[in-house]
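> from the sequence below, what's the structure:
(one chain, ligands or ions: 1)
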Amino acid sequence: MQKSSKTPSRGQWGSSFGFIMAAGGSAVGLGNIWRFPYITGQNGGGAFVFVYLICVLLVGLPLLLNEVALGRKSGKNPVGAIKETGGSRFWQSSGVLCVVVCFAVLSYYSVIAGWTIGYIFTELINIPIDFEVFIQTPHYVIPLCMLFILMTVIVVLGGISGGIEKAAKFLMPLLFIIIILIAARAVTLPGATKGIEYYLSPDFSKINGKVILSALGQAFFSLSVGWGLMITFGSYLPKDNNIIKSSAWIAGMDSTVALMGGLMIFPALFALLPGVSPDEGPALVFNVLPRVFDQIEPFGNIIGGMFFLLLLVAALTSSISMLEVPVAYFIDERKWSRKRAAWTLGIGAMFLSIPSSLTAVKGNFFNVMHISFFGRDIVGFFDLMDFFFGTLAIVIICLMLSLYSGWVKNIKTFAAELALGTTSFEGLPQKAWIFFIRWVCPIVIILVILNMVGVFGE
Ligand code: PHE
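All right, here's what the predicted structure looks like:
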């Protein structure tokens, strides 16, 4: 019955592999290769990696399953999914938030993706580049960012199986090959062992509240959970698809790539730039790695070019999915054509990306603007977007969706959706999932929100 309410033009995944590649492609992004290593560096190395993996398993994965179940059950975008399952306007607002978050994050995510396009060329042609100067040059950064959004629009215009699935099936394996090559080079550099040790042997005394909460935030960002993305992608799944298996693959792929991301960066960093501290922050990849590639003989610049190509591929498979969430909303709920939705939202994101691009330019209005939020000073347009949309809104969505499935609706119907197409979800796994959605996820998320608004201090 639910199927008949779907718009015929919605589309469906051509195969299970295609879905796993597309959803895995969404999960694997700048979050794994750019964000994960620098957050790990800021949170003490191995201990953070350990806590992160636990967060993925205990909170991220149950929420991922919850979103996919909601999507496939309803066959709709995040707003439609809650409407279709009988949710009130209040709960539907979490779906609206998903649509807004994806659009907003797309605008600044593309800025960083634009930088990677610039770096592919500077590496390949082997011209030295000063990160600070580069990001402060609007006539490089703005067109590159727009070019990236244009690439995203072109794929989304192709639709589900023709555009997104086709691109992901080609791009994801390419990404794996490049990562393995670079990680293999990094760990075999003389002096790499120190970095491997820093990265993989946890010092448990470094675990504290801040480390745990950073790990959780990173898990949501990286798994693409809390964005309605998995609802949207789940809605294109046929009923006989084994969601449990597909989701395990997605979470596994995402964690593997994040782990490999660190394995590319820390051994190389310790081996080649022993004076540079791993807690360099967001500039880690852009500032430090080109210097690392310079020192790799031979073919350092080719490896560098490959690295940034890899980052671009990862960013593109994520941005495609970010644009698809609002596009699906306008197709389902507002009856727009895919073409109209993709172009309108893409061009809108281009405009919204300009203040984020200008944030790097010292003294610019968007660079100096700041607001205070519960004692936290947020400086610059980019950080403002990242805090309110890329961080706070996500955890609120995760909380609302777990309360919705766990308490407002009968959670057994979602468990039954997950059980379709598999026998491995009977008994204990099902009971465990229900327990996690009803209790563990909401409690942990409330702690995260309290921390974000500064209840536990800095
Ligand atoms: N998971 C992506 C990353 O790691 C970010 C993303 C979130 C993409 C949500 C799409 C939707 O970079």
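
> can we go C-alpha only for contacts and neighbour counts from here?
OK.

> Val448 touches Ile212, doesn't it?
No - with contact defined as CA atoms under 8 Å, Val448 does not count as touching Ile212 (9.2 Å).

> and the two? Which one has more around it.
Neighbour count, other CA atoms under 10 Å: between Val448 and Ile212, Val448 has more, with 24 against 20.

> who are the neighbours in contact with the closest residue to the ligand within the stretch 251-400 of the chain?
Closest contact between the stretch 251-400 of the chain and the ligand, by CA to the nearest ligand atom, is at Ser318 (4.2 Å). Ser318 is in contact with Gly25, Ser26, Ala27, Val28, Gly29, counting by CA atoms under 8 Å, 6 or more residues apart in numbering.

> again, only this time at 10 Å
With contact taken as CA atoms under 10 Å, 6 or more residues apart in numbering, Ser318 is in contact with 22-31, 106, 109, 152, 168, 222, 224, 312, 324.

> ok, now Val187?
Val187 sits next to Thr193, Gly195, Ile196, Leu263, Met264, Ile265, Phe266, Pro267, Ala268, Ala271 when contact means CA under 10 Å, 6+ apart.

> take the residues you listed and keep only those in helices.
Among the contacts of Val187, the ones falling in helices (DSSP state H) are Thr193, Gly195, Ile196, Leu263, Met264, Ile265, Phe266, Pro267, Ala268, Ala271.

> wait, the third one sits on Leu259?
No - checked against CA atoms under 10 Å, the pair Ile196 and Leu259 is beyond contact range at 11.2 Å.

> those two: who's more crowded?
Legend: neighbour count by other CA under 10 Å for Ile196 and Leu259, higher for Ile196 (23 against 19).

> skipping adjacent residues, who's closest to the more buried one in space?
Nearest non-adjacent residue to Ile196, counting by CA to CA, 6 or more residues apart in numbering: Pro267, 5.4 Å away.

> looks like the one you found contacts Pro190 (just checking).
Yes - Pro267 is in contact with Pro190 according to CA under 10 Å; the separation is 9.4 Å.

> who has more neighbours, the two?
The neighbour count for Pro267 versus Pro190, taken as other CA under 10 Å, is higher for Pro267 (27 against 13).

> residues in contact with that one?
By CA under 10 Å, 6+ apart, the residues touching Pro267 are 183, 185-199, 273.

> from the residues you listed, which would you call buried?
Buried by 16 or more other CA atoms under 10 Å: Ala183, Arg185, Ala186, Val187, Gly191, Ala192, Thr193, Lys194, Gly195, Ile196, Tyr198, Tyr199, out of those.

> which residues sit against the helix or strand of the chain with the lowest mean pLDDT?
Using mean pLDDT, DSSP states H and E, helix 289-294 stands out as the lowest-scoring helix or strand of the chain, at a mean of 82. With CA under 10 Å, 6+ apart as the test, helix 289-294 has contacts from 119, 122-123, 126, 128-131, 186, 264-265, 268-273, 283-285, 295, 299-305, 307-308.

> can you tell me the centre-most residue of the chain?
Taking CA atoms, centre = their mean, the centroid of the chain lies closest to Ser222, which sits 3.9 Å from it.

> what's around the nearest residue to that one once chain neighbours are set aside, how many residues?
Leaving aside its sequence neighbours, Ser222 sits nearest to Gly31 (CA to CA, 6+ apart; 5.2 Å). Using other CA under 10 Å, the number of residues around Gly31 comes to 27.

> can you check what pLDDT the model gives Gly31?
Per-residue pLDDT puts Gly31 at 93.

> how about it, secondary structure?
helix (DSSP: H, G, I helix; E, B strand; the rest coil).

> nearest spatial neighbour of Leu213, skipping sequence neighbours?
Leaving aside its chain neighbours, Leu213 sits nearest to Val448 (6.1 Å; criterion: CA to CA, 6+ apart).

> in the protein, which spans are strands?
In the chain, the strands defined using DSSP state E lie at 370-373, 376-379.

> list the contacts of Leu345.
For Leu345, the contact set (CA under 10 Å, 6+ apart) comprises Phe103, Val153, Leu323, Glu324, Pro326, Val327, Phe330, Phe351.

> not counting its neighbours along the chain, what's nearest the fifth one?
Distances taken as CA to CA, 6+ apart put Val99 closest to Pro326, at 4.9 Å, once the chain neighbours are dropped.

> go ahead and confirm that neighbour touches Ile231.
No - at 11.2 Å, Val99 and Ile231 do not qualify as touching, with contact defined as CA under 10 Å.

> which bits of the stretch 301-450 of the chain sit near the ligand?
Residues of the stretch 301-450 of the chain lying near the ligand by CA under 6 Å from any ligand atom: Ser318, Ser319, Ser321, Met322.

> tell me the pLDDT at the last one?
Same thing as Met322. We have a pLDDT of 97 for Met322.
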